[in-house]
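In: Have a look at this fold, sequence not included:
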Ligand SMILES: [Mg+2]
Ligand SMILES: [Zn+2]
């Protein structure tokens, strides 16, 4: 195997023993990118190639601020924006000795989407089937890792944007507990839902990367001051006696039979490894998508108000202020961004606040209570990550609602603020990856690593690579 | 008066913390444009706010000083609107759960003090500065993110004068708290006014107009006075008053409608997700209460009690914190039992000297002991009150001692009888009529004779002694 | 609740986004469908349920009143589409 095909923990061992160098790894990555990225389009902007690497490269989603490196959320409106600061996670990665890869990963504009088709730089293609989407919004990060164009990567997850592309691309993706990882420097989509997380080739890498980026940040009022355990200690390959809940609401019609089959196989596997399986109920699941599209778009409409052509990014020509605002935002935002900003503005506007936003916040409470209930006697919950495998590029672009519903199994986790991981658990007949989702109670990432690692180490799915 | 005036005031106050509300940028008005800014207060993407602990303490102090109920559970909200002085295009403010509610302060009314309600005091952040030029507008963000509190009064004010008194007392208390520069010219204190008229005795309020752009307390009073007249005329002519925002033009002395095309604003308030809620328990507020200084009311009561000052004198002395400090030190140094003498000097000659110099008592370059020494001369009848006043002025200007100046001016009063008798004799000789009148029993004729002696002695004679001598001489 | 073109136009103005007639047409239809779907939550009984404006139980996060190093004006204005001296510059404001 080539260096770029190895996992981060394998490479870290080689670097430690001196049997390879960061430059050697970097050169192979660039070679791989030259070879396949014209077809995959996992990276945006070919600028900023560097000749020497300080450490193990890590690929960063385009919505995470990198000092002096373009950070544009794959939107025209942030054209040429170079933040004069690093996101907290970037600082932590640098302290760890990682090298911030100068190319940023493709994404849906401002993370608005589930397919990476809404990128100003064009869609990313799924390495397993170039005609299919990689999922989204962190599709660039997931595709890069799956295609060995990246060793590991950071994404962001507001309603499934790490887990769903991870499942579509056959890699590991984790959404940490809200408040576990600092949001400082993550260009906000929905402040009360966003979290940065790892996309990696295996669970051990996910544990290491989560460890590196987690922890309290005095610059983020919503980051929690709670010490970070050594996550690698949870990689015990032992789940005997664990109580796993299976939510019946996640196995209703709409779930692709092929997916259903693989998930049930995986559940049997977990059972055979000593876990006890229990059917549970999350009764408010059907309300998650509506609640999400009220809260997320409302917060987004306010968070994205700052993109107005005054201090940075794109500005349209106009001879008075209001025209400048309206033209800049009309020309700078893509269709999905406009749709969500206008929806979010509407649900907050006078006379509608109580019916939509306030009501949604209350239903959010009910959704959280559902999980509290289940976790009162289950160690974790296992479910599909997505109701279907990767769909075709263009298949859902004309029907936003259909697109929104593809996040149906990932959204509740963000609303409840709990952590969840997606790991490979099979393939469809067409050879597209399928993801298994494990959820745990807040700040219990250890449980996720324990279960996911045990499953992974007793299956071969994560070892299979796409042919490009 | 056929109509009753109803006024409510909204005061925005900049807190004088070291740094801004949500970032560590220093607050410094002297600095060059956009030199006290950072990614946070510039609203750069990805940045997050963290609230300034000192700003919260200051705000709670103010709330307590105005007898507000500090709320146990308070949070920030976003107020959304587009304007270039607002980097995020939303202002972090408070909506349905403000820091504090239901306070009040007193202004002096006709017979007893009048209580003016304070609806709420809430936290927010300041916006930047815009400079409008011909084709474009220039933006300076040094001011964005400075911690503000908004103090909203009840519509309890019934005249421009009451509004003026409210602001004066408000400022006096705020100065005692030392949480703001309270300088309306510099914009650290800003005031908007809502005013409407209604027929006396009417229940419901009339149509109100909102007045902006006043940059002094007098400006507020003038603008309100103008608006009372304008609205009265409209009502008298059976014309309807349109609810709008009007700008005060201090030059022309008129209010002008803004006629903003932007219809009714829709701020789309919602809870600020980037900040946590604040739980303020009894302990916290009690702890902050102990940090409150003695406020004007308590101080004047204490002056009346401890130094047996009249309410009138006490109120004058405490209206400014610095004056009060200076005054109390003098009063304590003053040896005499009855403090009236020193107090008269303070609210008389000294305050007028201070006002002449557009300053406060403590800014007068005069040593308190020297002051008391000067007063001593007067009390011992060694110099006249008149010359003492001019000595005071000279002391302040020259910094010389009272002793020296009295010597220079040769102002010591003549109490030497033989010298005085010489003068008295000539005066009697020159004024037979008055002398006769006095002998005839017109006792007050003596005042004239004394006056003549004073004149001849160039004001240096001791009038008391002169009086006695004349009586003796003529009886 | 449904949404008509006029409302979408007003909301777009609030959001400072200029919409072309065809965009407005399309968007009104899509928003109508989305809102129709979202209305699902109106059927739920939410009496005396607290709104989860924050999913975390944390409170009173504050910073000390300590200065940090600000940006230089040059840095602050580096990304500005238009500047004049040390100022950001925007087209003239007409309310
Ligand atoms: Mg305000
Ligand atoms: Zn700042």
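Out: Yes, it's here. It should be emphasised that the depicted structure is a prediction, and the values quoted were computed from it without experimental measurement. Numbers count the residues shown, from 1 in each chain, chains lettered A, B, ... in the order given. Ligands and ions are numbered 1, 2, ... in the order given.

In: Quick check, the residue in the stretch 1-150 of chain A closest to ligand 2?
Out: residue A:85 (11.6 Å; CB to the ion). Every residue, glycine included, has its C-beta placed from N, CA and C.

In: Now that residue: closest residue in space, sequence neighbours ignored.
Out: Nearest non-adjacent residue to residue A:85, counting by CB to CB, 6 or more residues apart in numbering or on different chains: residue B:39, 5.3 Å away.

In: go on, residue A:35?
Out: Here the nearest residue to residue A:35 in space, its sequence neighbours aside, is residue A:468; by CB to CB, 6+ apart that works out to 7.9 Å.

In: Tell me the pLDDT of that neighbour.
Out: According to the prediction, residue A:468 has pLDDT 90.

In: Mind checking what secondary structure it has?
Out: Reducing the assignment at residue A:468 to three states with DSSP: H, G, I helix; E, B strand; the rest coil gives coil.

In: Ok, residue A:403 next?
Out: Under three-state DSSP, residue A:403 falls in the helix class.

In: Isn't it up against residue A:397?
Out: Yes - applying CB atoms under 8 Å, one finds residue A:403 in contact with residue A:397, separated by 7.4 Å.

In: and the lengthiest helix in chain C, does that touch chain A?
Out: Secondary structure of chain C read by DSSP state H shows that its longest helix is helix C:21-38. Yes - using CB under 8 Å from any CB of the partner chain, we find that helix C:21-38 touches chain A at C:23, C:27, C:30, C:31, C:33, C:34, C:35, C:37, C:38.

In: Nearest to chain A among these?
Out: Nearest to chain A out of the residues of helix C:21-38 next to chain A is residue C:38 (CB to the nearest CB; 4.4 Å).

In: can you pull the contacts of the most centrally placed residue in chain C?
Out: For chain C, the residue nearest the mean C-alpha position is residue C:15 (6.9 Å; CA atoms, centre = their mean). Going by CB atoms under 8 Å, 6 or more residues apart in numbering or on different chains, residue C:15 touches A:301, A:305, A:329, A:341, A:342, A:345.

In: and the two most separated of those residues?
Out: A:305 and A:342 (12.4 Å; CB to CB).

In: Tell me how chain B divides into domains.
Out: B:3-288, B:294-357, B:417-474 (automatic domain parsing).

In: Reformat those as TSV; add mean pLDDT.
Out: Shown next, in TSV, are the domains of chain B (pLDDT from 0 to 100):
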stretch	mean pLDDT
domain B:3-288	95
domain B:294-357	86
domain B:417-474	84
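
In: does residue B:224 really touch residue B:193, like I thought?
Out: Yes - contact status for residue B:224 versus residue B:193: in contact at 6.0 Å, counting by CB under 8 Å.

In: Overlap in contacts, those two.
Out: Jointly contacting residue B:224 and residue B:193 under the rule CB under 8 Å, 6+ apart are B:7, B:163, B:211.

In: Strands of chain A, residue ranges please.
Out: Using DSSP state E, the strands of chain A run over residues A:43-44, A:57-61, A:99-105, A:153-157, A:172-175, A:195-200, A:243-247, A:276-280, A:380-384, A:420-427, A:433-439.

In: Deepest-packed of the ones you listed, please.
Out: Mean neighbour count (mean count of other CB atoms under 10 Å in any protein chain shown) peaks for strand A:172-175 among the strands of chain A, with a mean of 33.

In: neighbouring contacts of it?
Out: A:138, A:142, A:155, A:157, A:160, A:162-163, A:165-167, A:195, A:197-203, A:205-206, A:210, A:410, A:413-414, A:419-424, A:435, A:445, A:448, A:452, A:456, A:462.

In: Stretch A:18-32 too?
Out: By CB under 8 Å, 6+ apart, stretch A:18-32 touches A:2-4, A:11, A:14-15, A:49-50, A:52-57, A:99, A:101, A:147-151.

In: In helices, which of the residues you listed fall?
Out: Those of these lying in helices (DSSP H): A:11, A:14, A:15.

In: Now pLDDT and distance to residue B:279 too, for these, in CSV please.
Out: Listed next are the ones in helices among the contacts of stretch A:18-32 as CSV, based on pLDDT from 0 to 100; distance: CB to CB, whole Å:
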residue, pLDDT, distance to residue B:279
A:11, 97, 47
A:14, 97, 51
A:15, 96, 48
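
In: Just the terminal-to-terminal distance for stretch A:74-90.
Out: Terminal residues of stretch A:74-90 lie 19 Å apart, using CA to CA, to the nearest Å.

In: Just the buried positions in that stretch, please.
Out: A:74-78, A:81, A:83-90 (16 or more other CB atoms under 10 Å in any protein chain shown).

In: can you pull the contacts of the closest residue in space to residue A:225 that isn't next to it in sequence?
Out: When the adjacent residues along the chain are set aside, residue A:225 lies closest to residue A:216, with 4.2 Å between them (CB to CB, 6+ apart). Going by CB under 8 Å, 6+ apart, residue A:216 touches A:182, A:223, A:224, A:225, A:226.

In: Among the residues you listed, which one is most surrounded by other residues?
Out: Among these, the one with the most neighbours (other CB atoms under 10 Å in any protein chain shown) is residue A:182, at 26 neighbours.

In: From what I see, it and residue A:221 are in contact.
Out: No - applying CB under 8 Å, one finds residue A:182 not in contact with residue A:221, separated by 10.4 Å.

In: What count of nearby residues applies to the nearest residue to residue B:181 once chain neighbours are set aside?
Out: Using CB to CB, 6+ apart and skipping residues adjacent in sequence, the residue nearest residue B:181 is residue B:188, 4.2 Å away. As a burial measure, residue B:188 scores 20 neighbours (other CB under 10 Å).

In: Surely residue B:188 and residue B:182 touch.
Out: Yes - using CB under 8 Å, residue B:188 is in contact with residue B:182, at 6.3 Å.

In: Mutual contacts of those two, please.
Out: When CB under 8 Å, 6+ apart defines a contact, the residues bordering residue B:188 and residue B:182 alike are residue B:13.

In: coming back round to it: who's in contact with the residue nearest to residue A:85?
Out: A:83, A:84, A:85, B:46, B:47, C:71.

In: residues in contact with the lengthiest strand in chain C?
Out: Longest strand of chain C, by residue count under DSSP E: strand C:87-91. Strand C:87-91 is contacted by residues A:310-311, A:318-321, A:323-324, B:33-34, B:84, B:131, B:135-141, C:77, C:80, C:82-83 when judged by CB under 8 Å, 6+ apart.

In: Out of those residues, which sit inside helices?
Out: Among those, DSSP H puts A:321, A:323, A:324, C:77 in helices.

In: Around the second one, how many other residues sit close by?
Out: It stands for residue A:323. Residues within reach of residue A:323, counting by other CB under 10 Å, total 16.

In: Next one: it from residue B:86, what distance?
Out: Distance from residue A:323 to residue B:86, counting by CB to CB, to the nearest Å: 18 Å.

In: Then the third one?
Out: According to CB to CB, residue A:324 and residue B:86 sit 15 Å apart.
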